[in-house]
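Enquirer: Build me a structure from this.
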Amino acid sequence: MLKNLDLSTVVCLDIETVPGHASFAELDAVMQENWAKKAERMKIPDSSADELYFDKAGIFAEYGKIICITVGIFANSGTKIRLKSFAGDDEKALLQDFFSTMSKVLNSPTYKICGHNIKEFDIPWICRRAVIHGLELPRSLDVGGKKPWEVPYMDTMELWKFGDRKSFVSLKLLTHLLGIPSPKDDIDGSEVAGVYWLEEDLPRIVRYCEKDVAAVCQLLLRLQNKELLPDEQIVIV
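Expert: This next block holds a predicted model:
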């Protein structure tokens, strides 16, 4: 599988998101009203809009914010993985840094952006938050009007479906099945909001995001029927 894929043209990506505020009470009146309606539609018993905000707002780009973007590239003819993270409390500055540093990749027709469930989560999140902040989208993210084959995204969850439209497989399960070290050995996505807002431990979240990207890179190698790279060949820059 993917025998003709040139790994040097692939950039793996993952983001970490949290509620935009520490509590529901910090939202303005319009945001509170709209969140309350969304919370009601969730129909989760014995859960208030306030509780659901902290637990669920980080899933929705309209109510949350990005606190980390990690990218991974294959170097040395695919024998090394290089990771770089963009993280911080100021989402607009984070996105500007990401767009500026990665401009060669994000504005080139050559590169593909890869991630697990990237088409439904990571890419839409980045685009929506960039628009909210008034930032211009790079070429690879500005896909309105493009034909499906012109969109430069590779979704490992989609690749694993092999055409099955109803299948959803988490990265945690897929890495376990394929013998890839789990990126969820410390925290998982459901704990990120608490680690950020309550523990104020952004570096821990960055490490978690980097493990996710390393796992996606290793997953691509397995899909090409190649050996996994040892830890010493995964470098953070």
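Enquirer: how long is stretch 95-107 end to end?
Expert: 15 Å (CA to CA, to the nearest Å).
Enquirer: buried set for that stretch?
Expert: Taking 16 or more other CB atoms under 10 Å as the basis for neighbour counts, the residues of stretch 95-107 that come out buried are 95, 98-99, 102, 105-106. Every residue, glycine included, has its C-beta placed from N, CA and C.
Enquirer: now do stretch 153-167
Expert: Judged by neighbour count (16+ other CB under 10 Å), stretch 153-167 contains these buried residues: 153-158, 160.
Enquirer: tell me which of the residues you listed is nearest to Arg41?
Expert: Arg41 lies nearest to Met157 out of the buried residues of stretch 153-167, by CB to CB, at 25.2 Å.
Enquirer: Show me which of the buried residues of stretch 95-107 is closest to Ala39.
Expert: Leu95 (27.3 Å).
Enquirer: ok, that closest one touching Cys68?
Expert: No: here Leu95 lies out of contact with Cys68, judged by CB atoms under 8 Å, at a distance of 11.5 Å.
Enquirer: returning to that earlier point: can you list the buried residues of stretch 95-107 in TSV and add secondary structure?
Expert: Shown next, in TSV, are the buried residues of stretch 95-107 (DSSP: H, G, I helix; E, B strand; the rest coil):
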residue	secondary structure
Leu95	helix
Phe98	helix
Phe99	helix
Met102	coil
Val105	helix
Leu106	helix
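Enquirer: and those, which two are the farthest apart?
Expert: Comparing every pair within the buried residues of stretch 95-107 by CB to CB identifies Leu95 and Val105 as the most remote, at 14.8 Å.
Enquirer: strand partners of the lengthiest strand in the chain, parallel vs antiparallel please.
Expert: In the chain, ranked by residue count with DSSP state E as the criterion, the top strand is strand 64-75. When sheet partners are counted by DSSP bridges, strand 64-75 sits next to strand 10-19 (antiparallel), strand 80-87 (antiparallel).
Enquirer: helix or strand right after the longest one?
Expert: Downstream of strand 10-19, the first helix or strand assigned by DSSP states H and E is helix 29-42.
Enquirer: chain center to stretch 132-140: distance?
Expert: 17 Å (CA atoms, centre = their mean, to the nearest Å).
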